[in-house]
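A.B. asks: Give me a model of this one.
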Amino acid sequence: MDIISVALKRHSAKAFDPAKKLTAEEIEKVKTLLQYSPSSTNSQPWHFIVAGTEEGKARVAKSAAGGYVFNERKMLDAPLVVVFCAKTAMDDAWLERVVDQEEADGRFATPEAKAGNDKGRRYFADMHRVDLKDDAQWMAKQVYLNVGNFLLGVAALGLDAVPIEGFDAAVLDAEFGLKEQGYTSLVVVPVGHHSAEDFNAALPKSRLPQSTIITDC
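C.D. replies: Residues are numbered from 1 along each chain as shown. I've put the predicted structure just below:
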């Protein structure tokens, strides 16, 4: 299946079949998609909670109480639920960790190359955390870039998913102690196979025409 076919076929699942589990291989591929998403300057300002047990999913689903209860079954019925979290501050320790990992992965031929790469990343990090003071928003954008990459990727694996912003982030952050770790939850994405109750699976896709959204020049 080519990537265009995947984009045309995928949809946001509205109900999942709890009887259809993911294999260990599929779960590892899901984690690889999370790990290898692009991000601005390879900053990778994220963390992911991957809930694959009934206990883990129930903890995530606590955030779907009250006004968000309509999303609870998706979190409980899907065999896997991924919580996308963003760093709350871009600190020097994280930048050092990223460049050291790049060095360990063989990306630099010389110490000067490493230093130059680190300088370039810090230029953009300082632009947001010092000059514009919008580093939280900048890092959230990188997480959403990962979400988009992830949705297309899991569809290419033959899996269904749905991005959920309808949850109580304060509840979820407290449940997993995210604030203390320097993160906050942004999006919850259940992953699995849609059920017969998923009305969205049979509906035609609807997007604005290219003449509206694209300017050729």
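A.B. asks: packing partners for the top strand by length along the chain?
C.D. replies: When the chain is parsed with DSSP state E, its longest strand is strand 183-192. For strand 183-192, the elements it packs on are helix 72-77, strand 80-87, helix 135-156, strand 160-161, helix 169-176, judged by 3 or more C-beta pairs under 8 Å, 6 or more residues apart in numbering; DSSP states H and E. Just so you know, the C-beta spots here come from the backbone N, C-alpha and C atoms, and that holds for glycine as well.
A.B. asks: Export those as CSV, with columns for mean pLDDT.
C.D. replies: Below are the helices and strands packed on strand 183-192 laid out as CSV (pLDDT from 0 to 100):
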stretch, mean pLDDT
helix 72-77, 98
strand 80-87, 98
helix 135-156, 98
strand 160-161, 98
helix 169-176, 98
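A.B. asks: circling back to that earlier point, for the longest strand of the chain, what does the pLDDT average out to?
C.D. replies: Strand 183-192 carries an average pLDDT of 98.
A.B. asks: can you give me the angle it makes with helix 135-156?
C.D. replies: 10 degrees (axes from the mean of the first three to the mean of the last three C-alpha atoms, to 10 degrees).
A.B. asks: Now do strand 183-192: distance to the chain's middle.
C.D. replies: Computed by C-alpha atoms, centre = their mean, to the nearest Å, the separation of strand 183-192 from the middle of its chain amounts to 6 Å.
A.B. asks: follow-up on the earlier one: which one of the helices and strands packed on strand 183-192 is the most hemmed in?
C.D. replies: Ranked by mean neighbour count, those are led by strand 160-161 with a mean of 28 (mean count of other C-beta atoms under 10 Å).
A.B. asks: what residue ranges in the protein are flagged as low confidence?
C.D. replies: Flagging of the chain using pLDDT under 70 yields the residue ranges 1.
A.B. asks: Grab the nearest non-local neighbour of residue 71.
C.D. replies: residue 64 (4.5 Å; C-beta to C-beta, 6 or more residues apart in numbering).
A.B. asks: center of this protein, which residue is that?
C.D. replies: Residue closest to the average C-alpha location in the chain (C-alpha atoms, centre = their mean): residue 147, at 3.6 Å.
A.B. asks: Contacts only, for that residue.
C.D. replies: By C-beta atoms under 8 Å, 6 or more residues apart in numbering, the contact set of residue 147 is 84, 163, 187, 189.
A.B. asks: Recalculate using a threshold of 10 Å.
C.D. replies: Contact analysis of residue 147 by C-beta atoms under 10 Å, 6 or more residues apart in numbering lists 34, 37, 46, 82, 84, 161, 163, 186, 187, 189.
A.B. asks: Ok, residue 44 next?
C.D. replies: With contacts defined as C-beta under 10 Å, 6+ apart, residue 44 is in contact with 35-38, 87, 94, 97-98, 101, 139, 142-143, 146.
A.B. asks: Spit out the contact partners of the nearest residue to residue 61 once chain neighbours are set aside.
C.D. replies: Once flanking residues are discounted, residue 61 sits nearest to residue 75: 4.2 Å by C-beta to C-beta, 6+ apart. By C-beta under 10 Å, 6+ apart, residue 75 lies in contact with 16, 51, 57-64, 68, 81, 83, 162, 164, 167, 188-190.
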